[in-house]
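Engineer: Model the following, please.
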Amino acid sequence: MSDSVSIVIPAYNEEKRILPSLKVLTAFCESHFRNYEIICVDDGSIDRTWDLISQVRNDPFLKILRLPKNRGKGYAVKHGMLHAGGRFRFFTDADLPYSLDAFIIALKTFNTKGCDLVTGTRKHAGSSYGLKFGVVRRVAGWIFSAIATRLVKMDVSDSHTPFFIIPCF
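Structural biologist: So this is what the prediction gives:
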């Protein structure tokens, strides 16, 4: 695909999985995108995440950013997006909870449907995101989704999914 792609990965205390995930994601991007960048944002980790990702900072397709203290996932994603240069900007979690083919599917969906935003969902059969939440968290999520749906006037059933594509023109 010829359009430029940026993939932002917020990372907080991800020393055990960040390097394998970056390696897998880089190999996927090399085989599917002509122009891409992977932006890893260390969100003030207190483990060895920063030390590990600093070792791969010479990769020309990998941009490493560091927040001096933990600001939360949303802030780390925003920080990465503001430093991204791709026409299509994704974010996903460090554990890569979706099949990487979801990037291709999302781009095709965007290009064929004429939409402004494409999101993933943990409810999709292809998702490996298998966390189970308690009743209070589920109810809070339903309430938040209902409010978000009314605010943006579209169905927002999974607003915290770790997969988005945002086209930038």
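
Engineer: Now do the buried residues in the strand or helix carrying Ala76.
Structural biologist: Using DSSP states H and E, Ala76 maps to helix 73-82. Going by neighbour count (16 or more other C-beta atoms under 10 Å), the buried part of helix 73-82 is 73, 76-81. In short, each C-beta sits where N, CA and C put it, glycine included.

Engineer: could those residues go into a markdown table alongside distance to Glu30 and pLDDT?
Structural biologist: As requested, the buried residues of helix 73-82 are exported to a markdown table (distance: C-beta to C-beta, whole Å; pLDDT from 0 to 100):
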| residue | distance to Glu30 | pLDDT |
| --- | --- | --- |
| Lys73 | 27 | 91 |
| Ala76 | 25 | 96 |
| Val77 | 23 | 93 |
| Lys78 | 27 | 94 |
| His79 | 25 | 97 |
| Gly80 | 20 | 97 |
| Met81 | 22 | 94 |
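
Engineer: could those residues be laid out in a markdown table, adding distance to Arg48?
Structural biologist: Listed next are the buried residues of helix 73-82 as a markdown table, based on distance: C-beta to C-beta, whole Å:
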| residue | distance to Arg48 |
| --- | --- |
| Lys73 | 20 |
| Ala76 | 18 |
| Val77 | 22 |
| Lys78 | 25 |
| His79 | 21 |
| Gly80 | 20 |
| Met81 | 25 |
